[in-house]
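Participant: Below: sequence and its predicted model.
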Amino acid sequence: MKLLETRELVTGWSRPAHRPVSFTVERGKIIALTGPNGAGKSTILAALSNGGAQVFSGHLQFEAEARMGFLSQHLPPIEGLPLSGAELLALTGVSSVGLPAWLESRLHHRLDTLSGGQRQFLVFWSILQAKADLLLVDEPGNHMDKDGQAVLSDILRTRAGENIGIILVTHDQKLIQDCCDEQVIVEPFGE
């Protein structure tokens, strides 16, 4: 079943950022958006998630009532925020069941005492486990420790196997080969 269908989609901020792209996201599938830095991959996600980017042209259709989750590649600032990993998961309504042991053992530590990679994985986990039909995931491996990167593809495949669709922005060719069903190359508008 199609969660999202695009045809000749062009998005951007004040002007178009990329050449037209077409792709379909079905339940159980992971689509990778790849291309050079600045090509407009994250802009596409910002347009799909109502994150402020505009749709300039093309066709865009979502499954009615589909719930969406979005993971930005930028972590929000948390310095001085007295919140533990366990409290973050509780606030987002997400269980720690299945969380890798190297992070589960640190859930009661304050977020601002975790490494950037541990925080990135915890935020990734909370978004990935959210009650959503379509997940938009922007460069999940950025800032992630090697422990997190090692289990990234397995966790994405497991989640897709739970009848959701995932759009993944990444430059990581190994991640694409390990877990993606299709690769869509995004080309900058002026090239």
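Facilitator: Great, that's in hand.
Participant: Geometric centre of the chain: which residue is closest?
Facilitator: For the chain, V137 is the residue whose C-alpha lies nearest the centre (CA atoms, centre = their mean; 0.7 Å).
Participant: That one belongs to a helix, doesn't it?
Facilitator: No - when classified by DSSP: H, G, I helix; E, B strand; the rest coil, V137 is found to be strand rather than part of a helix.
Participant: what comes up buried for the longest helix along the chain?
Facilitator: The residue-count maximum for a helix in the chain (DSSP state H) belongs to helix 146-160. For helix 146-160, the buried set under the neighbour-count rule, 16 or more other CB atoms under 10 Å, comprises 148-149, 151-153, 155-157, 159-160. For glycine as for every other residue, the C-beta is placed from the backbone atoms N, C-alpha and C.
Participant: all strands for this structure, in order.
Facilitator: Assigned by DSSP state E, the chain shows strands spanning 2-12, 21-26, 30-34, 54-62, 68-71, 134-138, 165-169, 182-185.
Participant: which one of those lies closest to L83?
Facilitator: L83 lies closest, by CB to CB, to one member of those: strand 68-71, at 18.2 Å.
Participant: Residues touching the closest one, excluding its own?
Facilitator: By CB atoms under 8 Å, 6 or more residues apart in numbering, the surrounding residues in contact with strand 68-71 are 45, 48-49, 51, 123-124, 127-128, 130, 132-138, 140.
Participant: returning to that earlier point: which stretch among the strands of the chain is buried most, on average?
Facilitator: For these, the largest average neighbour count (mean count of other CB atoms under 10 Å) is found in strand 165-169, namely a mean of 26.
Participant: what does the average pLDDT come to for that strand?
Facilitator: Average pLDDT, strand 165-169: 96.
Participant: which residues touch H143?
Facilitator: Listed by CB under 8 Å, 6+ apart, the contact partners of H143 are 75, 116-117, 119-120.
Participant: From Q173, how far out is it?
Facilitator: When CB to CB, to the nearest Å is the yardstick, H143 and Q173 sit 19 Å from each other.
Participant: swap in A64?
Facilitator: Counting by CB to CB, the separation of A64 from Q173 is 35 Å.
Participant: Using CSV, lay out the strands of the chain together with distance to E87.
Facilitator: Converted to CSV, those look like this (distance: least, CB to CB, whole Å):
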stretch, distance to E87
strand 2-12, 31
strand 21-26, 32
strand 30-34, 30
strand 54-62, 32
strand 68-71, 19
strand 134-138, 23
strand 165-169, 27
strand 182-185, 37
